[in-house]
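>>> Pasted the sequence and its predicted model underneath.
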Amino acid sequence: SSGINAEYGGRVWYLPTDLSSTLFNSFLFERGFLELCVRILNNGNDEKMKRISTFLGISSEKEKEPLLNGNGGSSNKSNSSSGSDESQSLRDSRSIYMQNDSNSDDEGYDRDENDTNHFTRTEVPRTKWQLFKKRVPYYLPILSWLPKYNLQDLPHDFLAGLTVAIMLVPQSLSYAGLVGLPAINGLYAGCIPLLIYAIFGTSRQLAVGPEALVSIVAGDSISIAFENPTTEEMIIGATLLGFLVGAFTFILGMLRFGFLAEILSRPLVRGYVSAIGLTIIVEQLDSLTGIDVGHAKTWRKVPILFRNMTSIQWATLGLGIGTIVFLKLFEIMKTKLPANHPKYSTVVKIVKGFPGILIVVLFGIIITKSLRLNEKGMAILGLYAKGLPPFRAPHLSQLNVITELLEPAIIISIVGFVESMAVSNQCAASHNYSVSPNRELVALGVSNLVGSFFGSWPIFGALTRTIVNNRTGARTQLAGFITGILIFIVAVFFTPLFEYLPKVVMSGIVVVAAINLIEIHDIMFLVHLRSYIDLILLLLTCAFTFIFGAEVGLLIVVGASLFLVIRQTTLPKFAILGQIKGIPNQKATRYKDVLEFPKAKPIPSILMIRIDENLYFANMGKVKELFTRIEKLGNPVNHPSEELINSPLKAIIIDASHISSIDVPSIQILLEMIIDYRHRGIKVAFVRLRDNLKEGLLRAGIVQTVGSDNFFSSMQNAVDYITGNTDATGFSTYRVSE
């Protein structure tokens, strides 16, 4: 309504209102001539384009207002309802510009921080070498931050990396037990993938590595694939699973499937995660009590534990409970400390960043070695091999194992990615930058692929370590790289230090991590909102996962989420419109949703409906059903047993302003509907149909069937024509070529 800004040749052009309104309805616009000519120079140095602008009478002033909200400048003109409808249709039909984000996936668009117009586009590199140099940092993010690294950030990154490494060493040793692998493999999984992620990752604070959720799922999946596997078979299965997860995640990233981070229902995911937390706690009960339960798994251990209560090793139980209580109290204490204490800010910062895990590990080692508790029946980690991670390619020749692991690999990839993106987005928001989901898929995929050649099982972002990494001041991906280097050093040189680490302490560490997985907050939030359907879904997912296992739970989460997405997308979004009469000579008649505006009154025998989404094969059947229901019942919310009170339908006016695409099956169904209406004497008209849809409707014969005079630029024009108040010629927006 006040002009258009558009881009061509790397420069921004402006088209004033009077000329834009003419060209938009002209032959020139339909032939795409406008896209070539209507470009105003920011810096008028292109003589050819200046001659075109002079011929068209277009201004090239820099003072033109920036494009706001995808609209050509600020609108300060008051228009009638039909005029507003036309300008809105004009804006909807041609999306000339898209706002750019410097961290988005649309590489090649850069924002000038000193430029108030954030819709300009930089000059495209002219040579292949320039294009290569511009694209490489996008695919290798380390090249975008390392050359510009500020040495003042190094102390913060080193402290964060050191703190996370202190946490990760005992955690990785413990999580290796969840998978069923030797403890040294936990250190391998905690170093190599971290080094790779620092090269490809876009999140500055995400702490990747072994994680309780993925570890328990991986262990269960490998056990099912091999059936009572040996340690060597568990290692083979873990590396195969890591390779499959890495390959699938990498492919998703290359295909730009980053939207999967939002596709899983939060209640379903939280129910699944909570069930995994409960499963992990139950899995550790035999280690905490010192009771041998044989080969029993998950909740099946509970009856055995009750039958052998007299065999409890009280020293083991006491140390385990003490570890859990201390770690939880230490967590609570850190949350209660003020963020900025006036006198002891440095001490508070150190305490908040200090890992309580280090205290319990040192205490467990010292007390076990000094009191020789291992000789009294307390299980310890013991000596194990040290050295460089061995390079060993996954056994891709075992097709039967790959077949068994393929399904859990796909589901682990999706769930792990969703959890990683949730915590990385949280950190990115607090530091005012964005994370690319597609690049994260690639980074996690490459990390798992490379890690699988060094004895690693699937790894993703860990919530607790990421929070610690962020809280202790991580500024860049270098913090994660430092963590990986420190874990590598421990694996090569310092593994004998953990010989006397009690396994019950490791179990206590795992239990605390599992407790943090139980989403009590989400349950209370759903109760507070009285969202009982979501609450039931959460609890059912939790129950089924706990009873039938992690793999079944993953299938429920993904399957139910896809079902909910499909159900939601197939339900048509629409609005039945009614008239709101304006004051004579002051305000034009408006057409609003009758459900939202009580003053809006439907016109007898005329259905005015606005479809608020694109039409495709999945929702077109429901749209057809919707029209039939309205015709029979008068209102789509009425029960089928109710009789039609309104007068018979004589005309249907479809407001198509919100429809930007229609696929071929939908066009075919739409043609069948229109033919049926015409046979029954019901007129059909379209309002504000976008230009890009007209060719398809013309080829399908819809334009000929409806009549070329039944396409209008405003609802008022359509109503006037249907009711016979005026002639359609002159304002119909489409003509069939002779």
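Thanks, I have the structure now.
>>> what helices or strands is the lengthiest helix in the chain leaning on?
Assignment by DSSP state H gives helix 399-430 as the longest helix of the chain. Under the contact definition 3 or more CB pairs under 8 Å, 6 or more residues apart in numbering; DSSP states H and E, helix 399-430 sits against helix 212-226, helix 231-254, helix 266-283, helix 437-452, strand 460-461, helix 463-471, helix 550-570. C-beta: built from backbone N, CA, C; applies to glycine.
>>> Recalculate using a threshold of 10 Å.
In terms of contacts (3 or more CB pairs under 10 Å, 6 or more residues apart in numbering; DSSP states H and E), helix 399-430 is packed against strand 208-209, helix 212-226, helix 231-254, helix 266-283, helix 437-452, strand 460-461, helix 463-471, helix 550-570.
>>> helices or strands up against the fifth one?
Contacts defined by 3+ CB pairs under 10 Å, 6+ apart place helix 437-452 against helix 128-139, helix 183-189, helix 192-200, strand 208-209, helix 231-254, helix 399-430, strand 460-461.
>>> Quickly compare those and say which is most buried.
The highest mean neighbour count among the helices and strands packed on helix 437-452 belongs to strand 208-209 (a mean of 30), with neighbours defined as mean count of other CB atoms under 10 Å.
>>> That strand: how far from the chain's middle?
Taking CA atoms, centre = their mean, to the nearest Å, one finds the center of strand 208-209 at 19 Å from the center of the full chain.
>>> what pLDDT, on average, does that strand get?
For strand 208-209, the per-residue pLDDT values average out at 94.
>>> buried set for the helix or strand hosting residue 346?
Residue 346 is part of helix 345-353, with elements assigned from DSSP states H and E. By neighbour count, with 16 or more other CB atoms under 10 Å as the criterion, the buried positions of helix 345-353 are 348, 349, 353.
>>> ok, back up a step: would you list the helices and strands packed on helix 437-452 in a markdown table and tack on distance to residue 714?
Listed next are those as a markdown table, based on distance: least, CB to CB, whole Å:
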| stretch | distance to residue 714 |
| --- | --- |
| helix 128-139 | 45 |
| helix 183-189 | 63 |
| helix 192-200 | 52 |
| strand 208-209 | 55 |
| helix 231-254 | 45 |
| helix 399-430 | 42 |
| strand 460-461 | 51 |
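>>> Residue 147: which of these is closest?
The closest of the helices and strands packed on helix 437-452 to residue 147 is helix 128-139. By CB to CB, the value is 8.8 Å.
>>> Next, count neighbours for the closest residue in space to residue 367 that isn't next to it in sequence.
Spatially, and ignoring its direct neighbours in sequence, residue 367 is nearest to residue 373 (7.0 Å; CB to CB, 6 or more residues apart in numbering). As a burial measure, residue 373 scores 21 neighbours (other CB atoms under 10 Å).
>>> Wait, residue 373 touches residue 505, no?
No. Residue 373 sits out of contact with residue 505 when judged by CB atoms under 10 Å, with a separation of 11.1 Å.
>>> Now the common contact residues for those two.
Listed as contacting both residue 373 and residue 505 by CB atoms under 10 Å, 6 or more residues apart in numbering are 316, 319, 364, 367, 380.
>>> What residues does the last one make contact with?
To tie it back to what came earlier, the one meant is residue 380. By CB under 10 Å, 6+ apart, the contact set of residue 380 is 364-365, 368-369, 373-374, 498-506.
>>> Among these, name the buried ones.
With neighbours counted by 16+ other CB under 10 Å, those contain buried members at 364-365, 368, 373-374, 498, 500-506.
>>> Now the phi/psi pair for residue 389, please.
Here is the backbone geometry of residue 389 (degrees, to the nearest 10): phi -60, psi 130.
>>> start the count at 19, not 1, going forward
In the new count, where the first residue is 19, that last one comes out as residue 407.
>>> OK, contacts around it?
Residues near residue 407 by CB under 10 Å, 6+ apart: 202-203, 205-207, 209-210, 469, 471-474, 506, 509-510.
>>> quick one: pLDDT of it?
Reading off the confidence values, residue 407 has pLDDT 84.
>>> what do you get for residue 239?
Note for residue 239: predicted pLDDT of 89.
>>> Could you find the closest non-adjacent residue to it?
The spatial neighbour of residue 239 that comes closest, neighbours along the chain excluded (CB to CB, 6+ apart), is residue 426 at 3.9 Å.
>>> for this protein, what are the low-confidence residue spans?
Along the chain, the model assigns pLDDT under 70 to residues 19-144, 357-363, 403, 600-605, 652-665, 744-756.
>>> center of it, which residue is that?
Nearest to the mean C-alpha position of the chain, counting by CA atoms, centre = their mean, stands residue 279 at 2.7 Å.
>>> Surely that residue touches residue 441?
No. Contact between residue 279 and residue 441 fails when scored by CB under 10 Å: they sit 11.3 Å apart.
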